[in-house]
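Undergrad: Let me see the structure of the following:
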Amino acid sequence: MGNNTDEKVKREYLQYIEEYADMVTRLCIVHTGNYSDGEDCFQNTFFKLFKELKKGDPPNVKAWLITVALNECRSVLRYRLRKNTVNLNELVIPFEDKNDVELAQLVFSLPPKQRDAIYLYYYEEYSVKEIAQLTGMKENTVKSHLKRGRERLRKFLTE
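TA: Just a heads-up that it's a prediction; the model follows:
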């Protein structure tokens, strides 16, 4: 690979980090439920992006990042001993609005599948069909997770 190609890959990589870092950070923290694991998943996701960019562009970078990040999170949750967890209420989440942080903390309290569906639907604005493709679930399963997640959030907000 020539020098010009290396520079092009580095520029694209830095551009994607700037554009998608907050989204991937939030997704990883929301999914793993702890900052340390979220950071590990973030780093692994962007490391894989760099390797992918060296081969050529992934087809839809945002969707690719979400899919890889979710897989990284699942991997961490499956294999890592969960000794050093951080209280979700102590996390600093990259949202500008205080109400967004409070709502995100309520979303954190949801079970993982509901949490992912709610996050991808409302925060990343994916359709049910797209969420099904990203997560490997059936569309009706995604709809069920969204419905149950909304019901739980409604219950939290009215209490």
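Undergrad: so who does L153 touch?
TA: 106-107, 110, 118 (C-beta atoms under 8 Å, 6 or more residues apart in numbering). For glycine as for every other residue, the C-beta is placed from the backbone atoms N, C-alpha and C.
Undergrad: quick check: domain ranges of this protein?
TA: 1-94, 95-159 (automatic domain parsing).
Undergrad: In a markdown table, list those domains along with mean pLDDT.
TA: Formatted as a markdown table, the domains of the chain follow (pLDDT from 0 to 100):
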| stretch | mean pLDDT |
| --- | --- |
| domain 1-94 | 82 |
| domain 95-159 | 85 |
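Undergrad: distance of the closest residue to K138 other than its chain neighbours from A63?
TA: Leaving aside its sequence neighbours, K138 sits nearest to A132 (C-beta to C-beta, 6 or more residues apart in numbering; 6.1 Å). Distance, A132 to A63, using C-beta to C-beta, to the nearest Å: 12 Å.
Undergrad: go on, S127?
TA: Taken as C-beta to C-beta, the span from S127 to A63 is 12 Å.
Undergrad: Please say which of these two ends up with more neighbours.
TA: Neighbour tally, S127 and A63, criterion other C-beta atoms under 10 Å: the higher count belongs to A63, 15 against 12.
Undergrad: quick check, nearest of the contacts of L153 to G56?
TA: Nearest to G56, judged by C-beta to C-beta, of these is I118 at 33.3 Å.
Undergrad: Identify each buried residue in the helix or strand hosting the closest one, please.
TA: Assigned by DSSP states H and E, I118 belongs to helix 112-118. Within helix 112-118, the residues scored as buried using 16 or more other C-beta atoms under 10 Å are 113-118.
Undergrad: And the residue positioned nearest the centre of the chain, its phi and psi?
TA: Nearest residue to the geometric centre of the chain (C-alpha atoms, centre = their mean): L27, 2.2 Å. As for L27, its main-chain torsions (degrees, to the nearest 10) stand at phi -60, psi -50.
Undergrad: Which residue comes closest to it once chain neighbours are left out?
TA: Using C-beta to C-beta, 6+ apart, the nearest residue to L27 is A69, at 5.2 Å.
Undergrad: what's in contact with the helix or strand hosting the one you found?
TA: Element membership of A69, judged by DSSP H and E, is helix 61-79. If you take C-beta under 8 Å, 6+ apart as the criterion, helix 61-79 is touched by 16, 20, 23-24, 27-28, 31-32, 37-38, 40-42, 44-45, 48-49, 52, 58, 112, 116, 120, 124, 126, 130, 133-135.
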